[in-house]
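S.K.: for reference, the sequence and a predicted model appear below.
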Amino acid sequence: MPLLFYSEPDDPVPWIEALGEHLPDLEVRVWPEIGNPDDIEFALVWQPPRGLLAALPHLQAILSLGAGVEHILADPNIPRNVPLVRLVDPGLTTGMTEFVVMRVLHYHRRMPEYEAQRRDRVWQLLPQTHPSDRRVGILGLGELGSAASRALASFGFDLAGWSRSAKSIDGIATLQGEDGLFAVLERSEILVCLLPLTRETEGILDATTLGALPQGAHLINVARGAHVVDNDLLSLLDAGHISGATLDVFRNEPLPDDHPYWTYPQVMIMPHGAAWTLPKTAASTIADNIRRHRSGELMTHVVNPEQGY
Ligand code: NDP
Ligand code: OXD
């Protein structure tokens, strides 16, 4: 039975080709040319329109084209008896690790200050800090957060991370619960957010939590825009409590033209491109789950809808 593909405005052709290499018998129907909705067995989607999934009566599994699934769970009508699978893709993990390491090093090696010096034609060496004296915090130690942590650990950073359940990752102190969150925040000169967006994590980066960071800290948000209370972040930037932020994700995307982030000198913005889901690397995981489902095995990375990730 066919798979419905929805990922506007992406080109579906690389996906059809990559999936075809792993599952030559899979028929991919690209929305809106889906034929009879009764035929559809799998839906592979990114930000599907509300109601689309509910209109597929024989749907067997919903496969997210992203690691985050809030774009699917936001639809109150998604079929609750159909498993929802999030994406774990080695290419996505590599891309995110690269981006996090790049921005942590950027702040660690004081690049914003050197850029300001260059603008003012100042020739001045700034003291260099050894990574073991640089405290970095990671919120979320799942596929992406743990991979980024391991990469940062290889530089020797002084790392602490926060997750819901207890973890053991070489080279990183791992904490849980509200006390654990504040223990991570209070020590993080550079804070990376890699949490999923759920009921519990929406707005988690607000005046209280961001205010708990040490004076002059930097924020790297590569998770979801709604983790951040934007006015609180802007106030803390204005006050100099936060020295700078790298924001890849926003409450409203594209970022509205009149948003203060566009022109805020200490804010680096990216158009939600820290890490891409690449057909070349992601198709094999997706195909593997389709094969598993067809042969009656449990799929991997099935979302717990109650937890929201
Ligand atoms: P995972 O589900 O693998 O990891 C999520 C982590 O967050 C887990 O460690 C989990 O804890 C922790 N967590 C969740 N809820 C809580 C909570 N209430 N309190 C404490 N810890 C919590 O997700 P991924 O690592 O694959 O992806 C993370 C997010 O990154 C995605 O949901 C997406 O929003 C974002 N993303 C952004 C991209 C971009 O280009 N900007 C690209 C890809 C993803 P535990 O391990 O105990 O369950
Ligand atoms: C994702 C994303 O969740 O790209 O995978 O944001």
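M.R.: Okay, I see it. Ligands and ions are numbered 1, 2, ... in the order given.

S.K.: who in the stretch 51-200 of the chain is up against ligand 1?
M.R.: By CB under 6 Å from any ligand atom, the residues of the stretch 51-200 of the chain that approach ligand 1 are 67-68, 92, 96, 140-145, 162-165, 194-198, 200. Yep, even glycine has a C-beta here, placed from its N, CA and C like the rest.

S.K.: give me the buried subset of the residues you listed.
M.R.: Buried residues within these, counting neighbours by 16 or more other CB atoms under 10 Å: 67-68, 92, 96, 140-145, 162-164, 194-198.

S.K.: ligand 2 next: which of those residues are close?
M.R.: With the criterion set as CB under 6 Å from any ligand atom, the members of these near ligand 2 are 67-68, 92.

S.K.: need those in CSV with pLDDT and secondary structure, can you?
M.R.: Formatted as CSV, those follow (pLDDT from 0 to 100; DSSP: H, G, I helix; E, B strand; the rest coil):
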residue, pLDDT, secondary structure
Ala67, 98, coil
Gly68, 98, coil
Leu92, 97, helix
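
S.K.: quick one: which of those residues is nearest to Ile34?
M.R.: Top of the list for closeness to Ile34, among those and by CB to CB, is Gly68 at 24.2 Å.

S.K.: could you pull up the residues touching the closest one?
M.R.: When contacts are counted by CB atoms under 8 Å, 6 or more residues apart in numbering, Gly68 is found next to 86, 196-197, 223-224, 309.

S.K.: let me know the pLDDT of whichever residue of the chain sits closest to ligand 1.
M.R.: Nearest residue of the chain to ligand 1, counting by CB to the nearest ligand atom: Gly142, 1.7 Å away. Looking at Gly142, its pLDDT stands at 98.

S.K.: kindly reformat the contacts of Gly68 as TSV containing pLDDT and secondary structure.
M.R.: Below are the contacts of Gly68 laid out as TSV (pLDDT from 0 to 100; three-state DSSP):
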residue	pLDDT	secondary structure
Arg86	98	coil
Pro196	98	coil
Leu197	98	coil
Ala223	98	coil
Arg224	98	coil
Tyr309	97	coil
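
S.K.: and Gly244, what are its phi and psi?
M.R.: With angles defined as degrees, to the nearest 10, Gly244 sits at phi -170, psi 160.

S.K.: can you tell me the closest non-neighbouring residue to it?
M.R.: Gln266 (4.1 Å; CB to CB, 6 or more residues apart in numbering).

S.K.: pretty sure that neighbour sits against Thr246.
M.R.: No: applying CB atoms under 8 Å as the test, Gln266 and Thr246 come out as separate, 10.0 Å apart.

S.K.: who's more crowded, the two?
M.R.: Each of Gln266 and Thr246 has its neighbours counted (other CB atoms under 10 Å); Thr246 has more, 24 against 15.

S.K.: next secondary structure after the helix or strand that one falls within?
M.R.: If you go by DSSP states H and E, Thr246 is part of strand 242-247. Using DSSP H and E, the helix or strand that follows strand 242-247 in sequence is strand 267-269.

S.K.: would you list every one of the helices in the stretch 51-200 of the chain?
M.R.: For the stretch 51-200 of the chain, helices defined by DSSP state H, counting those that start in this stretch occupy the ranges 70-73, 90-108, 111-119, 143-155, 177-187.

S.K.: for the first one, the averaged confidence score.
M.R.: What it means is helix 70-73. Mean pLDDT, helix 70-73: 96.

S.K.: tell me which other helices or strands it touches.
M.R.: For helix 70-73, the packing partners by 3 or more CB pairs under 8 Å, 6 or more residues apart in numbering; DSSP states H and E come out as strand 61-64.

S.K.: excluding chain neighbours, what is closest to the residue nearest to the spatial centre of the chain?
M.R.: Centroid-nearest residue in the chain: Ala223, 3.6 Å away (criterion: CA atoms, centre = their mean). Taking CB to CB, 6+ apart, and ignoring the residues beside it in sequence, Ala223 has Cys193 as its nearest neighbour in space, at 4.6 Å.
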